[in-house]
Structure formats: C-alpha cells, structure tokens
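Trainee: Okay, sequence plus prediction incoming.
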Amino acid sequence: MANTKSSDRHFFNSFSLVLGVLIAFAVVLFVFSRMIGRATQGQEVLLEPMRLKQVQQNIAPFGHVAVAGHDNSALAVPKSTAVAADVPTTGEQAFTKVCTACHSLGINGAPKIGDHAAWGPRIAQGKEALYLHVIEGKGAMPPRAGTTWPDATIRMAVDYIVSLNK
C-alpha cells in the first residue's frame, strides 16, 4: 500500500513539473511574439496603405447634411453611365440576366417557366397586377426582383415571361 501512495505521488509530481514547464514555455513564446509584433506591426500592418484606405472607408460618415445658403455642390451625387449601361434593353435580356435565376428552377416558390398550372392564375390577374407584384416584391422576391431597373424594363421582363407561359 505504501508503494502505491509513493507511485501516485511520484506521478503527480512529475506531471506537475511537465505541465509547469509547458505553461512557462507558452508564456515565454507569447512574450517573445508580442515583442517581435510590437516592433514590426506598426510599419507592416497598421501603416499599410490599403488597410488605411479601408479603415477610412469604414469610419466615413454615412451621410452629409445640406445647409441652406451654403455651397452644397460636394454633396451632389455624381452621374454614372455604368448604371445606365447595366439596364437591359429587351425583356429577354432582363429575364436572362435576373429572372431566370429563380424562375428556371422554381427557387423559393417562384413559378417555373413553362408550368402553365402555376402561371395560369397569375396571368389571369392581368399584367398590371403582375407588374405591381414585381415592382413591389411578392413572397421571397424582393422589390424590382432585386434590381434598380426602371418600370419600363420591369414591364418588358414581365411581358416576356408572360409570353413564355401562354
């Protein structure tokens, strides 16, 4: 019995010593890495131009206030031709670009193209109702099908989809 107590005490002492050495080694590695990081982090990470630009974008104010009687020209929204170039010119282009993502596979309950049983009651409501559903959003479909297209483009896309399902 004395031998068992001695053996347990020896194991506990050895285990404690090994655990203490490992903890001390981890603390030394942590302190060493902090010393190296402190010397290089400022110039390699914190002052890196791309990171500084991203930080400035993140902390920039969301909006600006226009004050009557002052020059507010800096607040004007620049006109971009990229947005206009992104708007489809035909219903088929609009369908291919956005609508087909959900209506070809029936994602989130969207009626599939060619499923006359699903489209029949919708088409029976009239095109104005369909236009309104797309413009305002319906079910899982966001307003304007998630685009910023003008009403005319939305109407062309709806007309094209109706022509596919008659």
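Mentor: Received, thanks.

Trainee: ok, the residue sitting nearest the centre point of the chain to residue 136 distance?
Mentor: Nearest residue to the geometric centre of the chain (C-alpha atoms, centre = their mean): residue 146, 13.4 Å. Relative to residue 136, residue 146 is positioned 13 Å away (C-beta to C-beta, to the nearest Å). (C-beta placed from N, C-alpha, C; glycine too.)

Trainee: Domain-wise, how is this protein divided?
Mentor: Under the assignment automatic domain parsing, the domains of the chain span 2-59, 81-164.

Trainee: which one of these is the most hemmed in?
Mentor: Highest mean neighbour count of the domains of the chain: domain 81-164, a mean of 15 (counted as mean count of other C-beta atoms under 10 Å).

Trainee: Now do that domain: distance to the chain's middle.
Mentor: 23 Å (C-alpha atoms, centre = their mean, to the nearest Å).

Trainee: from now on call the first residue 29
Mentor: Understood, numbering begins at 29; the last thing we discussed is domain 109-192.

Trainee: mean confidence score for it?
Mentor: Averaged over domain 109-192, pLDDT sits at 85.

Trainee: Mind naming the longest helix for the chain?
Mentor: Using DSSP state H to assign secondary structure, the helix with the most residues in the chain is helix 30-69.

Trainee: sorry, back to before: need the domains of the chain in a markdown table with distance to residue 96, can you?
Mentor: Listed next are those as a markdown table, based on distance: least, C-beta to C-beta, whole Å:
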| stretch | distance to residue 96 |
| --- | --- |
| domain 30-87 | 28 |
| domain 109-192 | 29 |
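
Trainee: Which one of those lies nearest to residue 101?
Mentor: Of all the domains of the chain, it is domain 109-192 that lies closest to residue 101, at 20.3 Å by C-beta to C-beta.

Trainee: Spell out, range by range, the helices that occur in this structure.
Mentor: Counting by DSSP H, the helices of the chain are 30-69, 77-87, 109-113, 119-122, 128-131, 144-152, 155-164, 179-192.
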